[in-house]
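Enquirer: Give me a 3D structure for the following:
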Amino acid sequence: MIQISKHSLREQMQLKRRNLSMIDVSVLSKLIDKQLKADPLFNECENLGTYMAFDNEPSLSIPKNKRILLPKIHNEKLTFHLNENKFKKNKFGIEEPVNDDIFPINDIHLILIPLIAFNIDLYRIGYGGGYYDKTLEHISKISAGPKLWGIGYDFQMVDINFQDKFDIRLDKVITEKNIYV
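Expert: Residues are numbered from 1 along each chain as shown. Here you go, the predicted structure:
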C-alpha cells in the first residue's frame, strides 16, 4: 500500500465527491440503498444509527419500520438521538436532532457511518475530528455492540495504508458497486 497523509487524501477525496452532480448523488444513493435493502442484518435491525447527508454524501432512504437514531456532537464525541424530524445545524453546518434525550449506544443494532475515503482493511477517513472513532472505540471491541458499516461511493476506496492505532475498523463498507467485508 502507498503512504500519503490523511490530510492530503481527505482533500483529494472531498474534491472528487464535491464534483459529483446532484443527479450523480441521487443515482448512486439509490444503488447504495438497493445494496443495503438486500442485506438481512439491515432488514432485521430495529434500532438504526445513521447520519444526515452532507456535502454530497450518499443520501439514504430508510424504511419506516426502523427506529432512526441520529448523531449529535456532545463533548467532542457523538451521542445518538431519536429522529423526531426537528433539526438545527451544528458548528460544521451538519443538521443534528434537537432532541436531547440520549439513546443508549449499546441498544443500537447497526450504525451507518459516512466516509470520505476507506481502504481494503475497512478503515475510514472522515472529516478529521475523530468523533466516530472516539465514540465507537470501546464498541468496536464488544461483540454484542452495534455493527459498524461505512457508506460511500466506490471511487472512495483507496489502496493506501492510512490508519492509525486509534482508528476504528468497520465491519463492512457498502458502495453502489460493492460490499467490502
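Enquirer: Mind telling me which residue is nearest the centre of this structure?
Expert: In the chain, the residue lying closest to the centroid (CA atoms, centre = their mean) is Ile113, at 1.2 Å.
Enquirer: hang on, it packs against Glu57?
Expert: No - using CB atoms under 8 Å, Ile113 is not in contact with Glu57; the gap is 10.4 Å. For every residue, glycine as well, the C-beta is placed using N, CA and C.
Enquirer: Could you tell me which residues touch both of the two?
Expert: Common neighbours of Ile113 and Glu57 (criterion: CB atoms under 8 Å, 6 or more residues apart in numbering): 51, 151.
Enquirer: mind listing the strands for the chain?
Expert: 47-49, 67-74, 77-82, 87-89, 95-97, 102-103, 110-114, 117-119, 124-125, 147-151, 157-158, 172-174, 179-180 (DSSP state E).
Enquirer: Quick one, which of the ones you listed gets closest to Tyr131.
Expert: strand 77-82 (5.0 Å; CB to CB).
Enquirer: List the neighbouring strands of the closest one plus their orientation.
Expert: Sheet pairing for strand 77-82, assigned by DSSP bridges, gives strand 67-74 (antiparallel), strand 102-103 (antiparallel).
Enquirer: In the longest helix along the chain, which residues are buried?
Expert: Counting by DSSP state H, the longest helix found in the chain is helix 22-37. By 16 or more other CB atoms under 10 Å, the buried positions in helix 22-37 come out as 25, 28-29, 31-33, 35-36.
Enquirer: Need the residues that contact it.
Expert: Applying CB under 8 Å, 6+ apart, the contact partners of helix 22-37 are 20, 42-43, 53, 56, 58-61, 63, 112, 151, 153, 174-177, 179.
Enquirer: Hmm, Glu46 is touching Lys66, no?
Expert: Yes - using CB under 8 Å, Glu46 is in contact with Lys66, at 6.6 Å.
Enquirer: before we move on, the earlier item: from the chain's centroid, how far away is the longest helix of the chain?
Expert: How far helix 22-37 lies from its chain's middle: 15 Å, per CA atoms, centre = their mean, to the nearest Å.
Enquirer: re earlier: make CSV out of the strands of the chain and add mean pLDDT.
Expert: As requested, these are arranged in CSV below (pLDDT from 0 to 100):
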stretch, mean pLDDT
strand 47-49, 98
strand 67-74, 96
strand 77-82, 96
strand 87-89, 94
strand 95-97, 95
strand 102-103, 96
strand 110-114, 98
strand 117-119, 97
strand 124-125, 96
strand 147-151, 97
strand 157-158, 97
strand 172-174, 99
strand 179-180, 98
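Enquirer: Is it possible to get JSON lines of these that adds distance to Leu136?
Expert: Shown next, in JSON lines, are the strands of the chain (distance: least, CB to CB, whole Å):
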{"stretch": "strand 47-49", "distance to Leu136": "10"}
{"stretch": "strand 67-74", "distance to Leu136": "10"}
{"stretch": "strand 77-82", "distance to Leu136": "8"}
{"stretch": "strand 87-89", "distance to Leu136": "22"}
{"stretch": "strand 95-97", "distance to Leu136": "17"}
{"stretch": "strand 102-103", "distance to Leu136": "14"}
{"stretch": "strand 110-114", "distance to Leu136": "7"}
{"stretch": "strand 117-119", "distance to Leu136": "15"}
{"stretch": "strand 124-125", "distance to Leu136": "11"}
{"stretch": "strand 147-151", "distance to Leu136": "6"}
{"stretch": "strand 157-158", "distance to Leu136": "21"}
{"stretch": "strand 172-174", "distance to Leu136": "14"}
{"stretch": "strand 179-180", "distance to Leu136": "18"}
